[in-house]
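**Q** generate coordinates for the sequence data below:
(chains A and B)
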Amino acid sequence: DVKVTQSSRYLVKRTGEKVFLECVQDMDHENMFWYRQDPGLGLRLIYFSYDVKMKEKGDIPEGYSVSREKKERFSLILESASTNQTSMYLCASSLGGQDSALYGYTFGSGTRLTVV
Amino acid sequence: QKEVEQNSGPLSVPEGAIASLNCTYSDRGSQSFFWYRQYSGKSPELIMSIYSNGDKEDGRFTAQLNKASQYVSLLIRDSQPSDSATYLCAPGGYNNNDMRFGAGTRLTVKP
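**A** Next comes the predicted model:
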């Protein structure tokens, strides 16, 4: 089974801190994603990457950046954490390319971030 | 922006009944469609996928797709309390790198 591992289950940070959320997948997937999930708003795409060093903005990239230096690792960075970034952050991965549309995403267990 | 609409619920059904979950999507280019189940406090897990118009059955689950109407549904037969969760609909894109999710329908199955 594909495994997507997020480094922290719960995280508490102070306003203004720089925050790193790490995600690692072990099945050689091309695509990796960061979503945030908030009650009533569902899953919203922050950034995704389809290859090493490649990144694309999702629907809500403001206040976030990402890094993908290795195929298996995709990091989400909150440059200066704010209270409105308190949320559940979910990493996912998937195959890429034309045939990948036949397959879904595999999610990590999530990181619940609280910014105080 | 690609829109995915689901009846938000909550939907409550008695144990043993059929639960019907609905989803409409705006992107006519969507080629594949996925249903995810998310238990409270957990991450989404893929339970069904469908690519062609019509029905696809997998155990107690049946996915139905109508591309002309841009509509996809999930039926859960013989609902069990363990089916109580939020169900997310997600139309997939061509290269599987731009999937958007509906807000989800919360289902409660009462014993």
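
**Q** all strands of chain A, in order?
**A** Secondary structure of chain A, counting by DSSP state E: strands at A:4-6, A:10-13, A:19-25, A:31-38, A:42-49, A:56-57, A:64-70, A:73-78, A:87-94, A:106-107, A:111-115.

**Q** and if you look at chain B?
**A** B:4-6, B:11-14, B:19-25, B:32-38, B:45-50, B:54-58, B:61-66, B:71-76, B:85-92, B:105-110.

**Q** can you tell me which of those is nearest to residue A:53?
**A** Proximity to residue A:53 (Cβ to Cβ) singles out strand B:85-92 among those, at 24.4 Å. In this view, the C-beta of every residue, glycine as well, is placed from N, C-alpha and C.

**Q** counting contacts, what elements does the closest one pack onto?
**A** strand B:4-6, strand B:19-25, strand B:32-38, strand B:71-76, strand B:105-110 (3 or more Cβ pairs under 8 Å, 6 or more residues apart in numbering or on different chains; DSSP states H and E).

**Q** closest to the centroid, which residue in chain A?
**A** In chain A, the centroid-proximal residue (Cα atoms, centre = their mean) is residue A:34; its distance is 2.4 Å.

**Q** from chain B, how far off is that one?
**A** 13 Å (Cβ to the nearest Cβ, to the nearest Å).

**Q** what do you get for residue A:44?
**A** Counting by Cβ to the nearest Cβ, the gap from residue A:44 to chain B is 8 Å.

**Q** what's the closest non-adjacent residue to residue B:12?
**A** Nearest residue to residue B:12 in three dimensions, chain neighbours excluded: residue B:108, at 4.7 Å (Cβ to Cβ, 6 or more residues apart in numbering or on different chains).

**Q** so where's the chain uncertain?
**A** If you meant another chain, say so; for now it's chain A. The model of chain A has pLDDT under 70 over residues A:1-2, A:98-101.

**Q** ah, no, chain B please
**A** In chain B, residues with pLDDT under 70: B:1-2, B:93-97.

**Q** check contacts around the residue nearest to the centre of chain A.
**A** By Cβ atoms under 8 Å, 6 or more residues apart in numbering or on different chains, the residues touching residue A:34 are A:21, A:23, A:45-48, A:58, A:64, A:66, A:74, A:76, A:89-91.

**Q** from those residues, which is closest to residue B:58?
**A** residue A:90 (24.2 Å).

**Q** quick check: bridge partners of that closest one?
**A** Beta-bridge pairing for residue A:90 (DSSP bridges): residue A:35.

**Q** surely it meets residue A:107?
**A** Yes - Residue A:90 lies in contact with residue A:107 (Cβ atoms under 8 Å); the separation is 5.5 Å.

**Q** ok so, going back, need the helices and strands packed on strand B:85-92 in CSV with mean neighbour count, can you?
**A** Below are these laid out as CSV (neighbours: other Cβ atoms under 10 Å in any protein chain shown):
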stretch, mean neighbour count
strand B:4-6, 20
strand B:19-25, 20
strand B:32-38, 23
strand B:71-76, 20
strand B:105-110, 18
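
**Q** out of the ones you listed, the one nearest residue A:27 is which?
**A** Residue A:27 sits nearest to strand B:32-38 of all those, at 17.5 Å, using Cβ to Cβ.

**Q** which strands and helices lie in contact with the closest one?
**A** strand B:19-25, strand B:45-50, strand B:61-66, strand B:85-92.

**Q** run the chain-centre distance for that strand.
**A** Taking Cα atoms, centre = their mean, to the nearest Å, the mean C-alpha location of strand B:32-38 is offset from the chain mean by 5 Å.

**Q** just stretch B:30-45 next, same as before
**A** With Cα atoms, centre = their mean, you get 7 Å for stretch B:30-45.
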